[in-house]
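Colleague: Sequence below, structure please.
(one chain, ligands or ions: 1)
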Amino acid sequence: MPTQHASPSPATTLAIFCKVVDNFGDIGICWRLSRQLASERGITVTLWVDDLGSFKRICPRLDSEAATQTVEGVTVRHWTDQDGQFAPEDVADIVIEFFAVDIPPGYVEAMARREPRPVWLNLEGLTAEDWVEGCHTLPSMHPRLPLTKHFYFPGFNARTGGLPREGGLLAERDAFQADPVNAARFLAGLGVTPGEMAATKVSLFCYPHAPVSALLDAWRDGGSAVTCLVPEGVAREAVQAFLGGDAHAGAARTQGALTVRVLPFVPQSDYDRLLWACDVNFVRGEDSFVRAQWAGKPFVWHIYPQDENLHHKKLRAFLDVYAPDLPSLVALSLRWNGASPAGGEDAADLAHLWQAMHADVERLVEHAAAWEARMLEIGDLANNLLEFARSPR
Ligand SMILES: Cc1cn([C@H]2C[C@H](O)[C@@H](COP(=O)(O)OP(=O)(O)O[C@H]3O[C@@H](C)[C@H](O)[C@@H](O)[C@H]3O)O2)c(=O)[nH]c1=O
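Modeller: Next up is the predicted model:
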């Protein structure tokens, strides 16, 4: 069972610095962490973010013009060029740089002058590779100032910080999934018709280089009905080609056994519901990948691409821990990421891999529950991180 935590002193303050490199994962992860620490642990959180436009896509209530605002109990500050404006009193008790971003030098100087010094963490990306266990919580001394930063890694075992998960998430999911009416109502609100709901429902979120056209062909020509729900802007070219027109939200077309429906890009909490409502989820990057693991449904991961196919190593490391005895999932995942020897855009090959995985769905659902139980044992990232920040180092 997850550890219960005593309430923190209300005075604890925490700052997260987030630079949006691209897409939505950077802000997606930081926003989730910020909200959880504020709402569940009573921490006063300031989220510094350089791109309010991307943030607004996952959090529509945000004002993308405001320099400072409070959203869901979190102070959001537009991170522009505020250097030189910081005093020690401005510095939070805990300072998190996300993905090794350079905190404004003036803020770092103020950290060094602050008494007591803040806890400084570099929150790193999620990977199942072994080396993470050796680097998790390692200190790094500032070359010039009396400051020490610690590396903090999310991960899949107790030698890491675990996965992000809000306290009430699984209860909320269970309540949603307990009655099919909830999924039907939710999907109907996104324009999905009763006929489309009766098919195998697949959500599709991936990078543009995924072999989407080949997969759509395989579903179209397959023996069982599939409804593919794809958020607007995702796999645009392949989706437009299937639709024979613009892939705007609300567009849909049926060919053979497949209906493709374009959904609006939904707020972050609704994206969870989409994952809970579908039978299989194609996810990507880091945050949707983790949410799929909390959805209790089979999922296929499209990993964020890196130079020299470094991401294939990361993908294999994850498949080794997640799916050592699930060959159908491994084969489709490798193929989806261009990491299998087959490669190419061969629809027949993808059709075969999809059928094999689809035939295993019940087993994959059971596996998802067993994996969830394992992940629950290591606690969640926000609480593990807070415990580390409060511990003597
Ligand atoms: C499809 C969809 C996603 N989302 C949210 C869920 C997630 O919080 C976020 C997507 O984040 P990810 O799944 O991580 O995929 P991403 O590709 O957007 O983000 C990536 O960005 C790179 C810069 C990072 O290095 C990657 O590791 C990864 O985080 O968008 C919505 O809120 N609504 C939607 O309709």
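
Colleague: element containing E40, please.
Modeller: In the assignment (DSSP states H and E), E40 maps to helix 25-41.

Colleague: Quick check: buried residues in that helix?
Modeller: Under the neighbour-count criterion of 16 or more other Cβ atoms under 10 Å, helix 25-41 has 25-41 buried. C-beta: built from backbone N, CA, C; applies to glycine.

Colleague: Check the spacing between D174 and G296 real quick.
Modeller: Distance check for D174 against G296: by Cβ to Cβ, to the nearest Å, it reads 9 Å.

Colleague: could you give the mean pLDDT of stretch 338-357?
Modeller: The average pLDDT within stretch 338-357 is 81.

Colleague: First-to-last residue distance for that stretch?
Modeller: One end of stretch 338-357 to the other measures 17 Å (Cα to Cα, to the nearest Å).

Colleague: how about the helices in the stretch 101-250 of the chain?
Modeller: For the stretch 101-250 of the chain, the helices defined by DSSP state H, counting those that start in this stretch occupy 105-113, 131-135, 169-178, 180-189, 194-198, 212-220, 236-243.

Colleague: what sits up against the second one?
Modeller: With Cβ atoms under 8 Å, 6 or more residues apart in numbering as the test, helix 131-135 has contacts from E124, F151, F153, G155, N157, R159, T160.

Colleague: Just want the phi and psi numbers for the closest residue to the first one other than its chain neighbours.
Modeller: In this case it means E124. Once flanking residues are discounted, E124 sits nearest to F153: 4.8 Å by Cβ to Cβ, 6 or more residues apart in numbering. Per-residue torsions, F153: phi -110, psi 130 (degrees, to the nearest 10).

Colleague: wait, does stretch 145-156 contact the ligand?
Modeller: No. Stretch 145-156 lies apart from the ligand when judged by Cβ under 6 Å from any ligand atom; the minimum separation is 11.0 Å.

Colleague: one step back: reformat the helices of the stretch 101-250 of the chain as CSV; add mean neighbour count.
Modeller: Putting those into CSV (neighbours: other Cβ atoms under 10 Å) gives the following:
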stretch, mean neighbour count
helix 105-113, 18
helix 131-135, 13
helix 169-178, 14
helix 180-189, 14
helix 194-198, 13
helix 212-220, 23
helix 236-243, 18
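
Colleague: For H142, find the nearest of these.
Modeller: H142 lies closest, by Cβ to Cβ, to one member of these: helix 105-113, at 7.5 Å.

Colleague: pLDDT of the closest one, averaged?
Modeller: Throughout helix 105-113, pLDDT has a mean value of 96.
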